[in-house]
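**Student:** return atomic coordinates for the entry below.
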Amino acid sequence: MTQLNQPISGNDLARFSGPSTFMRLPQATSLDGLDVAVLGVPMDIGTSWRSGTRFGPKEIRNQSAIIRPYNMATGAAPFDSLNVADIGDLAINTFSLPDSLRIIEESYDAILSTGIIPMAMGGDHSITLPILRALARKFGPVSVVHIDAHTDVNNEMFGEKETHGTVFRRAHEEGLIVPDKTYQIGIRGTGYEATDFSEAASWGFQHFPANELWGRSLSGMGAEIRRDIGSRPVYLSFDIDALDPAFAPGTGTPEIGGLTSMQALELLRSMGGLNVVGCDLVEVSPPYDATGNTALTAASLMYEMLCILPGVTKK
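**Tutor:** Predicted structure coming up:
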C-alpha cells in the first residue's frame, strides 16, 4: 500500500513555519493516487456587498496550521485511511466572472474523472454553480446540504444570472440537484420580496430557518437527513455566514441571529455516513476578519467535513 500523506506535525516543525498548504499537507502537482483534493478558488467577482473573499483560501490555509490530524471528539482519523493533498488554487480569470465559472467547471470535470473527492475553499458562493454542473454530469442530479444565511435563489442580480446570490435557482432550473433532497439550514434575515423563502420551498427545498434552531442542539439533524437521502450522492456547501457574526464576522454578507460554532460542529459531525461526493466552504473575507477567527473557524469546519467523508476510519 502506498504511504498516505500526513500533515507536518507541530512537534517536528513549528506551526508558524512550513508550507502554506491546508493543514501543511503536501502540495500535489498530480492527481494520481489521491482520494481527496483540497483546492482554493480565490474569487470575489460574484459578490454583491463586501468583497475580499479572493483572499479566503490563503488565510484558511494559514489558520489551518493549528489543526492536528486526529479528531478527539469523534475518533475520526482521516489521514490514516484517505490520501489527501492540497492541489493549490484554480487559475481563475479575476477580470471575468463567466470565464472564471468556465474554468472552475472544466477543472472539476478533470478532478471528478479520477474519482477524487474535491474540497473547495472559496471564494464567493458563485463557485458552487459550476461545481454542481460538473457533479451532475458525473453523478446525475445530486442531493445538497446547503448551510447558509441565504437561500441564494434570486433570479438575477443587477441583470446578471450567475452570481453568488443566484446559485441554487440556476441549479434547480438546470436539473443539477434533487429539489426535495435539498436542505437549506440556517437561513434568516430580510428579503427583497415576501416570497424569498417560500418560492424555493414550493420547488421542494427543505428549509430549516435559524430562528427555529436557536438554543437547540443540531446533533440529531444529520440522522434525519441521512434517512431521507439514503445512499444518494450528496454535495455539502457551507457558507460561513450561516454562523452568527459573533462567531464569524469576516464575511461579505453577515446576518445577525445565526448558528453558533458549536451548532456547526454538531451539524457536520452528525452527517457521518452520507455519501458525500464533494464539498465547499465559501465566503470567508479576511479584510473583515481582524483576529483571524473566521478563517480559523472555516479551516476547522473544513477539517470536520474531511472527517465525515466516505472511507474515513475511527480510532
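**Student:** tell me where the stretch 151-300 of the chain has strands.
**Tutor:** For the stretch 151-300 of the chain, the strands defined by DSSP state E, counting those that start in this stretch cover 177-185, 206-208, 233-239, 275-282.
**Student:** got these as a markdown table, with distance to residue 140, mean pLDDT and mean neighbour count columns?
**Tutor:** No exception for glycine: its C-beta is placed from N, CA and C like everyone else's. Shown next, in a markdown table, are these (distance: least, Cβ to Cβ, whole Å; pLDDT from 0 to 100; neighbours: other Cβ atoms under 10 Å):
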| stretch | distance to residue 140 | mean pLDDT | mean neighbour count |
| --- | --- | --- | --- |
| strand 177-185 | 9 | 98 | 21 |
| strand 206-208 | 20 | 97 | 17 |
| strand 233-239 | 8 | 98 | 24 |
| strand 275-282 | 11 | 98 | 24 |
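**Student:** excluding chain neighbours, what is closest to residue 236?
**Tutor:** residue 279 (3.9 Å; Cβ to Cβ, 6 or more residues apart in numbering).
**Student:** what about the one you found, distance to residue 19?
**Tutor:** Noted for residue 279: a distance of 22 Å to residue 19, by Cβ to Cβ, to the nearest Å.
**Student:** same thing with residue 213?
**Tutor:** According to Cβ to Cβ, residue 213 stands 38 Å off from residue 19.
**Student:** and residue 117, by the same measure?
**Tutor:** Remark: distance between residue 117 and residue 19 (Cβ to Cβ) = 22 Å.
**Student:** over to residue 143?
**Tutor:** Counting by Cβ to Cβ, the gap from residue 143 to residue 19 is 35 Å.
**Student:** just give the nearest non-adjacent residue to the most centrally placed residue in the chain, would you?
**Tutor:** For the chain, residue 280 is the residue whose C-alpha lies nearest the centre (Cα atoms, centre = their mean; 2.1 Å). Spatial nearest neighbour of residue 280, chain neighbours left out: residue 120 (4.1 Å); criterion: Cβ to Cβ, 6+ apart.
**Student:** would you agree the one you found falls within a strand?
**Tutor:** Yes - using DSSP: H, G, I helix; E, B strand; the rest coil, the assignment for residue 120 is a strand.
**Student:** can you pull the contacts of it?
**Tutor:** By Cβ atoms under 8 Å, 6 or more residues apart in numbering, the contact set of residue 120 is 39, 40, 41, 127, 131, 278, 279, 280, 281, 282.
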